[in-house]
Structure formats: structure tokens, C-alpha cells
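Undergrad: output the structure for:
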Amino acid sequence: MNTALPIRAGTRGSPLALVQTRTFLRLLAAVPGAGQGQEVVINTTGDAVQDRPLADIGGKGLFAKEIHEALLDRRIECAVHSLKDLETELPPDIVIGCVLAREDARDVLLLGDSCGLPTPADPFAALPQAALIGTSSVRRQAQLLHARSDLRIASIRGNVQTRLRKLQEGECQASLLALAGLHRLGIQVPGAVVLDPSAMLPAAAQGIVAITVRAGDTALRGLLVQIEDTASRIAATAERAMLAVLDGSCRTPIGARACLLADGTLTLTGLVARADGSFLLRRTLAGAVSDAARIGEALGASLRADSPADLFA
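TA: Residues are numbered from 1 along each chain as shown. Alright, predicted model coming up:
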């Protein structure tokens, strides 16, 4: 590849996706030898169909299908993704060229006017009895219902601004979002409650932006490695290795969070559950940073072995 030519970066068209793409292009522009960056908005099936759960229309891979096609057709040189939305097995000839520094991976609980005041010990105590919670995430739903079986769930999809508007208009009494998205968009929500991972384990790779590229594009891959965030790559490797072993669908509630400790230890916490919250299994495994993939695989195998087989059907 001639790096003097523009580097076209494919992206979804949501405000958050565009912020993430522009952040990537700024980082790339500082790399010696990189050509001028150019964002290319690509409409995806996952964004176009908003009236049905993702699991009903083919899963989270629908946020990337058209972008993968543009990359393989050479209409773009690379693509910018929220890594939590990227399938664990990428199409042939597409690889993750780099990952950027992770934002805060935690979830945030957004409370409507009918909710009470949260307490640090029990953030869900602020939710009224039988409150209607807006979320399209089975992972969030399962953990909520495991803690509070009285809660009701309403499926809400759309970008961050759309979900905030639906909460304000009273379509639900509370909702949940990734804190990373709010931070990147510079949005502060009064009364928002940041949830400790012990109460709400995040999605695998939540808060990480990944850049995909054609495997054979060695010149661009050489540029991308210069903006790689090593800690984020290690965490992503462990969390996605666990996810790959579990091989769950969009109907399978799965959470994962890797932490790198000061002494070089990597801890990985994983969770599988039923969507109705009636079953939830959570475990943690630790080991050397160099064993990130093995730790993820081992934890995934442990969770799978001790969970009902129908969770992964």
C-alpha cells in the first residue's frame, strides 16, 4: 500500500461511532508515514433495523457485515469498531490491526423521575417495585432480574441520544448504558449511577475501540501497531478468548472483565446467565499477563462446563 494515499476508515454513522473514528484518525495522523485519514460512513443492517432485538435479525455481527464487505472490496483501507460489537471470529483475510486505549468499561444506571435515591451498597434499591427498565441487552437484563426478579424489561434500541430521549419521554422508568459512550460523547446525565462490576459485569471488550484491516496490508498494519494500546490488547485478548469458548449467541447473557494488576497479574472475571435471571454463574481466574488467551479459554471452559447446556444452544 502507498501510504501517501488517503487512508479511508469505514465507520457506522452514529454520533458515538463518528467520535471514535475521528479520535482514531487524529492518532493515526501523528504516525510518521501515514497518509491523510478520511472517514467513510457505511450504513449497517444493525443500525437500519431498530424495531426488533438483534438476536431476531442475526446478532451483533450485523453492525459490521457491510463494513467487512467494504474492506474486502477495497472501498476502505481500515474500519473502526466498538470491539464489544465485533464478532469473535472475523471473516477470512480480516484482522484486528490495533486497539485503542480503553475507556471506563463499567455500565451506568439511568434513573427516571419515578425512581428513588440509590445507595452505594444497593444501587438497584432506587428502582420502584415492578419498575419498567429499558434495555436491549440480555446481559444487563439477566443481571438485573437476578438481583430483582420483580423488575420488568422493555426492549429499547438506538444510539445513546435515542435511548436518553426515550427515558426522558417516559417509555421506561430506568435504563442502562455503557459509561464509555457517555464519556466519549461528553454527556453528563444528572442522577446517573455508575455500577460496580460486582453488581453489573460489563460486556467483553466494552469500552475498547478496535481497528480492522485486511490481513495482507502489511504497510498499514505497520502503522497501526504504533498506536496500539498494549494493556487494552491484553484485556481484549483474555475477554474475547473466553467469549469464543462459550460461543454464545446474542440470546446468551455473557459478561467479562479483565484487570491488569501492578504486579503483572491478570485477573479475568466471567459470567453466564439465563436471560430471566434464574441462573447466574460468575467466576474469576488469574494468571500471568503473557497467558491472557489461555486464561480466557480456561475460564470460558469452566463456565461452560458448569452451566446448563441449553444456554449455548
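
Undergrad: secondary structure class for Ser278?
TA: What DSSP: H, G, I helix; E, B strand; the rest coil gives for Ser278 is coil.

Undergrad: over to the one 3 residues further on?
TA: Secondary structure assignment for Leu281 (three-state DSSP): strand.

Undergrad: check what pLDDT it gets.
TA: Leu281 carries a pLDDT value of 98.

Undergrad: which residues does it bridge with?
TA: Per DSSP bridges, the residues bridged to Leu281 are Val272.

Undergrad: who's in contact with it?
TA: The neighbours of Leu281, taking Cβ atoms under 8 Å, 6 or more residues apart in numbering as the test, are Leu271, Val272, Ala273, Leu303, Asp306, Ser307. Bear in mind the C-beta positions are built from the backbone N, C-alpha and C, glycine included.

Undergrad: contacts only, for the second one.
TA: Think Val272. Leu246, Gly248, Thr252, Pro253, Ile254, Leu280, Leu281, Leu303, Arg304, Ser307, Leu311.

Undergrad: just the ones of these in helices?
TA: Per DSSP state H, helices hold the following members of the contacts of Val272: Leu246, Leu303, Arg304.

Undergrad: hang on, isn't the second one packed against Leu280?
TA: The one in question is Leu303. No. Counting by Cβ atoms under 8 Å, Leu303 sits too far from Leu280 to count as a contact (10.8 Å).

Undergrad: quick one: which of these two has more around it?
TA: The neighbour comparison of Leu303 against Leu280 (other Cβ atoms under 10 Å) goes to Leu303, with 22 against 18.

Undergrad: if any of the contacts of Val272 are buried, put those into a PyMOL selection.
TA: Burial among these is assessed by 16 or more other Cβ atoms under 10 Å; the matching PyMOL selection reads:
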select buried, resi 246+248+252+253+254+280+281+303+304+307+311
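
Undergrad: are we agreed that Gly97 is in a helix?
TA: No. Counting by three-state DSSP, Gly97 is not found in a helix; it is strand.

Undergrad: distance of it relative to Phe312?
TA: With distances taken as Cβ to Cβ, to the nearest Å, Gly97 is found 30 Å from Phe312.

Undergrad: ok, these two, which is more surrounded?
TA: More crowded of Gly97 and Phe312, by other Cβ under 10 Å: Gly97, with 23 against 15.

Undergrad: that one: what's it in contact with?
TA: With the criterion set at Cβ under 8 Å, 6+ apart, Gly97 makes contact with Cys78, Ile211, Thr212, Val213, Leu220, Arg221, Leu224, Val225.

Undergrad: farthest-separated two in the residues you listed?
TA: Thr212 and Val225 (13.8 Å; Cβ to Cβ).

Undergrad: out of those two, which sits in the busier spot?
TA: Neighbours were counted for Thr212 and for Val225 using other Cβ under 10 Å; Thr212 has more, 25 against 11.

Undergrad: and for Leu303 and Leu280, which residues touch both?
TA: Contact criterion Cβ under 8 Å, 6+ apart; residues shared by Leu303 and Leu280: Leu271, Val272.
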